[in-house]
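Undergrad: got a predicted structure plus its sequence, pasted below:
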Amino acid sequence: MTNESKPTSWQRDPALPFQRMDEEAIVVDPRTREVHLLNETGARIWELLATAASLDELVATLADEYEGAAPEALRAEVEAFVAELGGKGLLAARGRA
Amino acid sequence: MSEREPLCHDQDVLGKPGAGAEGFALISRVQDWASRNTVPLNASIEITLRCNIRCLHCYNFDRDEPRAACDKPELGTDEILRVIEELRAAGCLFLMLTGGEVLSHPDLFRFLDRARELNLAVQLLTNGTMLRPGVAARLASYENLQGASVSLYGATPEVHDAITQMPGSWRRTWDGVERLRHLGVVVRLKFIVMKQNAHEVAAMRAQADDRGYPYMIDLTITSRHDGSTGSLATRVDRAQLEALYRGPLGDLAVTRVRSTEDNFPCNCARGNVAITATGDVLPCVSVPWTAGNVREQPFAEIWARSPVFERIRGLRIADYEHCAPCDHRDYCKRNRGAAVTASGSYTGIDPFVCATAELAHQLADERAAEEATPRAAESPVRARLAVVR
């Protein structure tokens, strides 16, 4: 247990350079000197994170776009991906519960 | 400062790799994608020709002479801002701002602001002499600043300052470099090797290594874009080149890449594009072959339909009439900028580049022969002595 509350919404760091490459996307983080390659779904989530979005909003949008995706599995995937983005410092600080 | 910062792998540049293997592979993949799909992922804008130093080798124009009266006016701030937007819309991700001296432009920070808003990764090419504390701090505040490339022309103030024709510039450049790195900005040094500093190459490399800076080494000196050729007097001659390749540049001299139709063309007009200070659109910052002007035509239109770009994109190895049959072509850096300035033709040659390739080939053969020669067995006595030591 930690005292840190969970974020309720996320937004990508608006200053980070990125570029779509067909279905994928590349995100450059000059501060860490890292380059990240996002797959098709990751690129779509990155796009959605241009404005602040909650997990529910992200999952709802993706569920509409990826027909046949099991809702629980989708939710877990999105949550893990967003956590990974956050862990790499690619997200801007947003609201917390 | 006015050197070209090559964006593609086949410039006449001897580099020290800075990225890890994984990062390098990813960047290569992205660059291949841009090249295959002709997306101008890498763009440079010469935001001004003004410069506070007067380098002997400057490729812009002869800085000891007044600017030619027929020169077109430089792009204004609003025009540069528009070009940045147009480049982004066309797919640019890596934007290099160069000059002249970028820090002499009063609106540099407006360009950086716009680049940040547009999620562009920015590199600055600077001589570093204007990196005063406030300027450096402001630059370091840009999250999208990938780094600065700073040119150095000597290991000592005497040699460097004689080339820049500005007393104190070596000290000021190093002060700026250290200041910027201290603030967390990646600084890469660029050593331009020429007649005047060839004897300091080993010391320049040692200085960078000692201080922990990545660096690249460039021997490319061409005639100037104003047509003057005085810069060529600074180019190392064949004997100096050989001494360098057999001496302090020996570890970087030989690179062999088997030529194929896929790798023979460079990234010019495929993943690279350059905009000059007067708005001309070039296939690469090194190549003075104008495809259009952003004052007269939208960038996207020039990029998509310029006959110059179409010609470059359609070239096959056989179209390079001198290079196609050349025995040394796999060792050649194939510097198109040097070829254009020396011969007037994109598919032409620069004899200096040819001599460099020939020498690299010769060294490769010598090294291969040396490796193939069985070493004489050492005497048991000598071996014992070696163990004792």
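TA: The structure has been received and is ready for your questions. Bear in mind that the values here come from a model prediction, so they are computed numbers and not experimental data.
Undergrad: longest helix of chain A?
TA: As far as residue count goes, and with DSSP state H defining each element, the longest helix of chain A is helix A:71-87.
Undergrad: any idea of the mean pLDDT for that helix?
TA: In this model, helix A:71-87 carries a mean pLDDT of 92.
Undergrad: wasn't A:Leu37 part of a strand?
TA: Yes: counting by DSSP: H, G, I helix; E, B strand; the rest coil, A:Leu37 is part of a strand.
Undergrad: so it touches A:Ile26, yeah?
TA: Yes: taking contacts as C-beta atoms under 8 Å, A:Leu37 lies within contact range of A:Ile26: 5.7 Å. To be clear about C-beta, it is placed using only N, CA and C from the backbone, and glycine gets the same treatment.
Undergrad: any common contacting residues for those two?
TA: With contacts defined as C-beta atoms under 8 Å, 6 or more residues apart in numbering or on different chains, the residues adjacent to both A:Leu37 and A:Ile26 are B:26, B:30.
Undergrad: could you check which of the two has the larger neighbour count?
TA: The neighbour comparison of A:Leu37 against A:Ile26 (other C-beta atoms under 10 Å in any protein chain shown) goes to A:Ile26, with 22 against 14.
Undergrad: that one pairs with what?
TA: A:Gln19, A:Leu37 (DSSP bridges).
Undergrad: any idea how far stretch B:205-219 is from the middle of the chain?
TA: What separates the centre of stretch B:205-219 from the centre of its chain is 15 Å, taken as C-alpha atoms, centre = their mean, to the nearest Å.
Undergrad: that one near chain A at all?
TA: No: counting by C-beta under 8 Å from any C-beta of the partner chain, chain A is not contacted by stretch B:205-219; separation bottoms out at 10.8 Å.
Undergrad: what is the mean pLDDT for that stretch?
TA: Per-residue scores along stretch B:205-219 average to 94.
Undergrad: and it, how far apart are its ends?
TA: One end of stretch B:205-219 sits 14 Å from the other (C-alpha to C-alpha, to the nearest Å).
Undergrad: same thing with stretch B:315-323?
TA: Stretch B:315-323 has an end-to-end distance of 13 Å (criterion: C-alpha to C-alpha).
Undergrad: mean confidence (pLDDT) on it, please.
TA: 92.
Undergrad: tell me which residues in it are buried?
TA: B:315, B:320, B:323 (16 or more other C-beta atoms under 10 Å in any protein chain shown).
Undergrad: from chain A, how far off is the second one?
TA: Just to be clear, that refers to B:Tyr320. Counting by C-beta to the nearest C-beta, to the nearest Å, the gap from B:Tyr320 to chain A is 30 Å.
Undergrad: what strand or helix carries the closest residue to that residue other than its chain neighbours?
TA: Spatial nearest neighbour of B:Tyr320, chain neighbours left out: B:Thr347 (4.7 Å); criterion: C-beta to C-beta, 6 or more residues apart in numbering or on different chains. If you go by DSSP states H and E, B:Thr347 is not part of any helix or strand.
Undergrad: alpha carbons only: can I get the longest strand seen in chain B in CSV?
TA: In chain B, taking DSSP state E as the definition, the longest strand is strand B:145-152. Taking Å, rounded to 0.1, in the frame of the first residue of the first chain, the C-alpha atoms of strand B:145-152 are listed here in CSV:
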residue,chain,number,x,y,z
LEU,B,145,14.9,20.2,-27.7
GLN,B,146,16.8,17.1,-28.8
GLY,B,147,20.2,18.8,-28.5
ALA,B,148,22.7,21.1,-29.9
SER,B,149,25.4,20.4,-32.3
VAL,B,150,28.4,22.7,-31.8
SER,B,151,31.3,23.1,-34.2
LEU,B,152,34.8,23.2,-33.0
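Undergrad: near chain A at all, it?
TA: Yes: Strand B:145-152 lies within reach of chain A by C-beta under 8 Å from any C-beta, at B:145-147.
Undergrad: helices or strands up against that strand?
TA: Using 3 or more C-beta pairs under 8 Å, 6 or more residues apart in numbering or on different chains; DSSP states H and E, the elements in contact with strand B:145-152 are strand B:121-126, helix B:169-182, strand B:187-192.
Undergrad: check these for me and report the most buried one.
TA: Counting by mean count of other C-beta atoms under 10 Å in any protein chain shown, strand B:121-126 has the highest mean neighbour count of the helices and strands packed on strand B:145-152, with a mean of 25.
Undergrad: which helix or strand contains B:Ser35?
TA: helix B:21-36.
Undergrad: state the number of residues packed around B:His160.
TA: 23.
Undergrad: my guess is it meets B:Arg172, correct?
TA: No: between B:His160 and B:Arg172 no contact is recorded; they are 10.2 Å apart, counting by C-beta under 8 Å.
Undergrad: redo the helices and strands packed on strand B:145-152 as a markdown table? Include distance to chain A and mean pLDDT.
TA: Listed next are those as a markdown table, based on distance: least, C-beta to the nearest C-beta, whole Å; pLDDT from 0 to 100:
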| stretch | distance to chain A | mean pLDDT |
| --- | --- | --- |
| strand B:121-126 | 4 | 96 |
| helix B:169-182 | 13 | 97 |
| strand B:187-192 | 11 | 94 |
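Undergrad: any idea how far chain A is from B:Ala239?
TA: Using C-beta to the nearest C-beta, B:Ala239 is found at 40 Å from chain A.
Undergrad: what is the burial count for that residue?
TA: B:Ala239 is flanked by 8 other residues according to other C-beta under 10 Å.
Undergrad: now it, what are its backbone angles?
TA: Dihedral angles of B:Ala239 (phi, psi; degrees, to the nearest 10) stand at phi -70, psi -40.
Undergrad: ok, the one 4 residues further on next?
TA: Dihedral angles of B:Ala243 (phi, psi; degrees, to the nearest 10) stand at phi -60, psi -40.
Undergrad: swap in B:Lys72?
TA: Per-residue torsions, B:Lys72: phi -70, psi 150 (degrees, to the nearest 10).
Undergrad: in chain B, which ranges drop under the pLDDT threshold?
TA: Across chain B, the ranges flagged by pLDDT under 70 are B:1-23, B:63, B:66-70, B:375-389.
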